[in-house]
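Q: for reference, the sequence and a predicted model appear below.
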Amino acid sequence: MIIANWKMNGTSENVRTWIEQVSNNIDFKPEKVCVFCPPACYLEFARDLIRNHKSQIKLGSQIINSSHDRALTGGLSAAMLRDIDTDFVLIGHSEQRSHLREDSRAITSKITSAIEENLRVVFCIGEDSDVKKKNETQKFLSEQLEVLKNISLESIVIAYEPIWAIGSGQVATREYIEEIHKFVKNHCQKFHYSEDDISVVYGGSVKLENCEEIISSNFVDGLLIGGASLDPGIFSSIYNLS
Ligand code: PGA
């Protein structure tokens, strides 16, 4: 799975160009799902373009609110996302955890709401540099993974994104990525799933120059790409090389 996370970037014209170029330039493989997560205001526009191009790009939302928060001004529910044919949603991204002070309770509620509407969840986890320096990454990730304990993992893709690697140009080494992905997969067996049922994608400064090495690492099932996904040519090359 190769996921483009545009964050708060782009215009409707950029969305149009991106979908047109990516649809024409990537060599779609059913086992390598291509997910586009534009800002929420462009989701429906992107959906229409994907349809017009008969493209196999899947639509993903960067945000969702719990279905319990009906009276939330500015809220976006799972039912609304499903209504406009969104297939995926990012939940637990470190930027949302810190900017919106999202805690495990809020994350669990969002995941449950998403699954109820048959959305597939890209659940993001990752440690900051302090945790890494103290050698406490695995303990920290185990705590973040606790929210999955009563959830059916069939609808979940885990995205391991070390915070110190996001947007920093400082990519994790192959050894580190393999060690952590292996740990995450093993840990999820606690929730009664086999390693093969659990997809773990990597994110954090993925670029054209490093994508082949990362994707060929053991235990890596895909990529979550921020900055390098904005350019349709670069994104298409990353998809084709991965
Ligand atoms: P980046 O962002 O590729 O720009 O580091 C990744 C992400 O935050 O999903």
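A: That came through, no problem.
Q: ramachandran angles for the residue in the chain positioned nearest to the ligand?
A: Here the residue of the chain nearest the ligand is residue 226; by CB to the nearest ligand atom that distance is 2.3 Å. (Glycine included, C-beta is placed from N, CA and C.) In terms of degrees, to the nearest 10, the main-chain angles of residue 226 are phi -90, psi -100.
Q: now do residue 212
A: Backbone geometry at residue 212, expressed as degrees, to the nearest 10, gives phi -70, psi -40.
Q: if I look at the residue of the chain closest to the ligand, how far off is residue 78?
A: Using CB to CB, to the nearest Å, one gets 23 Å for the distance from residue 226 to residue 78.
Q: of the two, which one has the most company?
A: Using other CB atoms under 10 Å, the more surrounded residue of residue 226 and residue 78 is residue 78, with 25 against 22.
Q: how about that one, nearest residue that isn't a chain neighbour?
A: residue 117 (3.8 Å; CB to CB, 6 or more residues apart in numbering).
Q: surely that neighbour meets residue 79?
A: Yes. When contacts are counted by CB atoms under 8 Å, residue 117 is listed as touching residue 79 (5.6 Å).
Q: re earlier: spit out the contact partners of the residue nearest to residue 78.
A: For residue 117, the contacting residues are 78, 79, 81, 82, by CB atoms under 8 Å, 6 or more residues apart in numbering.
Q: tell me, how many neighbours does the third one end up with?
A: If I follow you right, that is residue 81. Counted with other CB under 10 Å, the neighbours of residue 81 add up to 25.
Q: next one: the last one
A: With neighbours defined by other CB under 10 Å, the count for residue 82 comes to 16.
Q: and the helices in the chain, which stretches?
A: Assigned by DSSP state H, the helices in the chain fall at 12-25, 43-52, 78-83, 94-99, 104-116, 129-133, 137-145, 174-188, 211-215, 232-241.
Q: buried set for stretch 193-206?
A: By 16 or more other CB atoms under 10 Å, the buried positions in stretch 193-206 come out as 193, 198, 199, 200, 201, 202, 203, 204, 205, 206.
Q: I figured the fifth one hits residue 160, correct?
A: Put plainly, it is residue 201. Yes. The criterion here is CB under 8 Å, and residue 201 meets it with residue 160 at 7.4 Å.
Q: before we move on, back to that, report the entries of the contacts of residue 117 that also contact the ligand.
A: Applying CB under 6 Å from any ligand atom, the subset of the contacts of residue 117 adjacent to the ligand is empty.
Q: wait, which of those is closest to residue 217?
A: residue 81 (31.5 Å; CB to CB).
Q: for the residue nearest to residue 78, report the pLDDT, please.
A: On pLDDT, residue 117 comes in at 96.
Q: confidence score at the residue of the chain most remote from its centre?
A: Taking CA atoms, centre = their mean as the measure, the residue most remote from the mean C-alpha position of the chain is residue 71, 27.1 Å away. Listed pLDDT for residue 71 reads 87.
Q: same check, this time on residue 148
A: Per-residue pLDDT puts residue 148 at 93.
Q: kindly report the same for the one 10 residues further on.
A: Predicted confidence (pLDDT) for residue 158: 97.
Q: give me the below-cutoff pLDDT ranges for the protein.
A: Scanning the chain for pLDDT under 70 picks out nothing.
Q: what residues does it have near the ligand?
A: Neighbours of the ligand within the chain, by CB under 6 Å from any ligand atom: 5, 161, 166-167, 203-206, 224-228.
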